[in-house]
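Peer 1: sequence first, then the predicted structure, then my questions.
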Protein chains: 2
Amino acid sequence: MQLDERKRLVLRAIIEDYIDSAEPVGSRTIARKYQLGVSPATIRNEMADLEEMGFIEQPHTSAGRVPSDRGYRFYVDSLMEPKRLAPRDTEVICRAYQAEAREVQAVIERTAQLLSRVTDYVALVVGPRLDTAVFRRIEVVPVKESTALITLITGNGLIQNKLVEVPEGLTTADLRAISDALNHHMVGVPLNKMSRTLIRAMSHEIVRHQLALDRILEVLEHLGRPDDGERVFLGGTTNILAQPEFRDVEKVRGLFSMLERLELVRELMADSGQGMLSVSIGEENKLPEVADCSLIKATYSINGQVVGTLGVIGPRRMHYDRVLSVVDLVVRHLNDQLSQIIGDS
Amino acid sequence: MQLDERKRLVLRAIIEDYIDSAEPVGSRTIARKYQLGVSPATIRNEMADLEEMGFIEQPHTSAGRVPSDRGYRFYVDSLMEPKRLAPRDTEVICRAYQAEAREVQAVIERTAQLLSRVTDYVALVVGPRLDTAVFRRIEVVPVKESTALITLITGNGLIQNKLVEVPEGLTTADLRAISDALNHHMVGVPLNKMSRTLIRAMSHEIVRHQLALDRILEVLEHLGRPDDGERVFLGGTTNILAQPEFRDVEKVRGLFSMLERLELVRELMADSGQGMLSVSIGEENKLPEVADCSLIKATYSINGQVVGTLGVIGPRRMHYDRVLSVVDLVVRHLNDQLSQIIGDS
DNA sequence: GTTAGCACTCTCTCCTCATGAGTGCTAACA
DNA sequence: TGTTAGCACTCATGAGGAGAGAGTGCTAAC
């Protein structure tokens, strides 16, 4: 699949023009707008070749050319130059992370908003996993007669609250004793590694409140199961309505129904190469609902450890160069801020 | 505005037929489908009268009639008979509230899902207010060197977490002492009534940790401000895409943009008559974005005290009778469940 | 290898025309 | 006086056709 220089230029011109205009691109347009120094007829010959190679296609005989999935793929891999972000965008992003922040969830949520605002596409952020997170701190406090609140803080900064039924008559002091014991045994243990033996060891210690402890451990165990799923934050879902390829309500419906089903979103965002930006174009996506969308995603980390995924979804005709730069910059800022919040403990 | 019996029957037939079909209704249809015992010509005369009275209108000369806002209003106020819900719907709703629940937020969120699923429209639920809620329990625990977590439980069952910067070197015991003092002074006080004097009184008590206390109180004060806004839960936003009046993406965009701006949603849901079901039809809504939608809303309560608003938004051509019954039933169940969760403390 | 020229294809828009649903009016009827 | 049949009229809708325009592929000349 060798492309000589001129073919590359033509293909690139077609793709970039189509990305901007959403209209099939003709040989004449290319010759006029992009100074290749050759006539439309020459361009036409090149286009015929490019079509034969599968990089572009024709909606119908008398229309211009439109990039195919394969064309976009080649563009992203070999033609595109990394886009220098406009100073305004850089500034918006930097500023968003200048504000001091303490809460991981809030930072992540804001990131979804930011991504969608800067790119004008739909942003998806899958929150930190709970099941592999480690205990950092746990506290049990009474709420009313026979209900207590478990507050759990994980190593990656998530805060979880769960109410639990406990035997009547437990005092604040009792619950604090339980909290202390839990903290003593569990800090540093991943939620999904909360083994039975660990639990039994602890039961010995707090014989008096066996029943309450059982209940609490049950709740914690439940939290550690992976099926619960990480939180998903969406941003700018309405942006997609401005795209001409979504002028048809049925298409919008397809995409939105998928976005509403969080397990599908998680699946879509699941396998991201560590630390790398990943691009999936059209049919490359496994989910049929996004077969005419493109998705750019990346992982984000706390202190170098991957904790979640974020991405931008838009029409196949996406400003790949720009979005890639935006996602890259956002991830870097997000990583910094999260790591700073958590500290290196 | 007296309508004789036959006019009422005709108007009702027109409205109900239009609600089902979304097509302008002709005299012939009425005569055929609804056994009024008169000819289309007679119906036509009645229709002309109804049009003159402003209850129905004609999209164009040779089309059937379509209800006007005023027509719907009259229908809702005087024509409609309360709909007995289908056993299936009743069952779905009851079952949804049979599961035991402990967390107020979760119940409310599920309610939004339920409402949209049963009605096939969009559900809006505005969560309990924070600013007028009373302290029920507060706990401060250390997270890392100089950060502590405030966990606040309010009388209406909301759980709030806030991280706060505290001086280094505070032990768990120190923070517990502060928690105890806070609980001692604040339980039962509404968040927005947290007066300066109260705070000062407390400061005396905990002279040792003045600075930490200040920080904590600052955060709490912030929580008590009304501008923060109650949480908003949406359900079934994609349902609206199935409605023929939203086949135009621009209309969808208008509505969705509004739903994305939570302050607008709160405004829309704001003034609900206490305990009553309220219906706003088309232009009766203040927000122009929903000028061709109808909104049915109601307040929900804990132990008889109103804490929030919920509602269903759909096209003007809405199944008012059904939705009213659904909302009514859901509110009753929701009230029960919330009150039960909170207890009568 | 490049280009000008040209015939060809196909979409898109605009127009016209027929169709049919639905009306309002009038006159006859009970 | 209310009801109805009949009829002329209106207007949206859809089908069919002509013309314009964009863009192509091919051929022949450069």
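Peer 2: Received it, and whenever you're ready, just let me know what you need.

Peer 1: ok, longest helix in chain A?
Peer 2: helix A:320-342 (DSSP state H).

Peer 1: in that helix, what's buried?
Peer 2: A:320-327, A:329-331, A:333-335, A:337-338, A:341-342 (16 or more other C-beta atoms under 10 Å in any protein chain shown). C-beta here means a position set from N, CA and C on the backbone, and glycine is covered the same way.

Peer 1: same check, this time on stretch A:59-74
Peer 2: In stretch A:59-74, counting by 16+ other C-beta under 10 Å, buried: A:64, A:65, A:66, A:67, A:68, A:69, A:70, A:71, A:72, A:73, A:74.

Peer 1: for those, which one is nearest chain B?
Peer 2: residue A:66 (21.4 Å; C-beta to the nearest C-beta).

Peer 1: model confidence over stretch A:276-285, on average?
Peer 2: Across stretch A:276-285, the average pLDDT comes to 94.

Peer 1: that stretch: how far from the chain's middle?
Peer 2: 13 Å (C-alpha atoms, centre = their mean, to the nearest Å).

Peer 1: ok, now stretch A:338-345?
Peer 2: With C-alpha atoms, centre = their mean, you get 21 Å for stretch A:338-345.

Peer 1: then stretch A:124-138?
Peer 2: 15 Å.

Peer 1: is chain B contacted by that stretch?
Peer 2: Yes. Under the criterion of C-beta under 8 Å from any C-beta of the partner chain, chain B is reached by stretch A:124-138 at A:136, A:137.

Peer 1: end to end, how far does that stretch reach?
Peer 2: End-to-end distance of stretch A:124-138 (C-alpha to C-alpha, to the nearest Å): 30 Å.

Peer 1: stretch A:283-302 now?
Peer 2: OK, stretch A:283-302 end separation, C-alpha to C-alpha: 32 Å.

Peer 1: near chain B at all, it?
Peer 2: No. Using C-beta under 8 Å from any C-beta, stretch A:283-302 never reaches chain B; the gap is at least 12.0 Å.

Peer 1: in the sheet, who's paired with residue A:308?
Peer 2: residue A:300 (DSSP bridges).

Peer 1: which phi and psi does residue A:153 have?
Peer 2: Main-chain torsions, residue A:153, degrees, to the nearest 10: phi -120, psi 130.

Peer 1: mind checking how far it is from DNA strand C?
Peer 2: 58 Å (C-beta to the nearest atom of the strand, to the nearest Å).

Peer 1: over to residue A:132?
Peer 2: Counting by C-beta to the nearest atom of the strand, the gap from residue A:132 to DNA strand C is 51 Å.

Peer 1: near the residue nearest to that residue when sequence neighbours are not counted, how many residues? Count them for me, please.
Peer 2: Leaving out its chain neighbours, the residue that sits closest to residue A:132 by C-beta to C-beta, 6 or more residues apart in numbering or on different chains is residue A:190, at 5.5 Å. By other C-beta atoms under 10 Å in any protein chain shown, 16 other residues sit near residue A:190.

Peer 1: need the contact list for residue A:190.
Peer 2: A:131, A:132, A:133, A:134, A:135, A:224 (C-beta atoms under 8 Å, 6 or more residues apart in numbering or on different chains).

Peer 1: that's a strand at the first one, yeah?
Peer 2: No. Under DSSP: H, G, I helix; E, B strand; the rest coil, residue A:131 sits outside any strand and is assigned coil.

Peer 1: doesn't residue A:229 make contact with it?
Peer 2: No. In this structure residue A:131 lies outside contact range of residue A:229 using C-beta atoms under 8 Å: 9.4 Å.

Peer 1: next one, pLDDT for the residue of chain A found nearest DNA strand C please.
Peer 2: Using C-beta to the nearest atom of the strand, the single residue of chain A nearest to DNA strand C is residue A:62, 2.9 Å away. Residue A:62 is assigned a pLDDT of 88 by the prediction.

Peer 1: cool, and residue A:198?
Peer 2: 69.

Peer 1: what of residue A:206?
Peer 2: 69.

Peer 1: do the same with residue A:239
Peer 2: 97.

Peer 1: what do you get for residue A:168?
Peer 2: Reported pLDDT for residue A:168: 89.

Peer 1: give me the neighbour count for it.
Peer 2: The local packing of residue A:168 (other C-beta under 10 Å) involves 8 other residues.

Peer 1: quick one, phi/psi of it?
Peer 2: phi -70, psi 160.

Peer 1: ok, now how distant is it from DNA strand D?
Peer 2: 68 Å.
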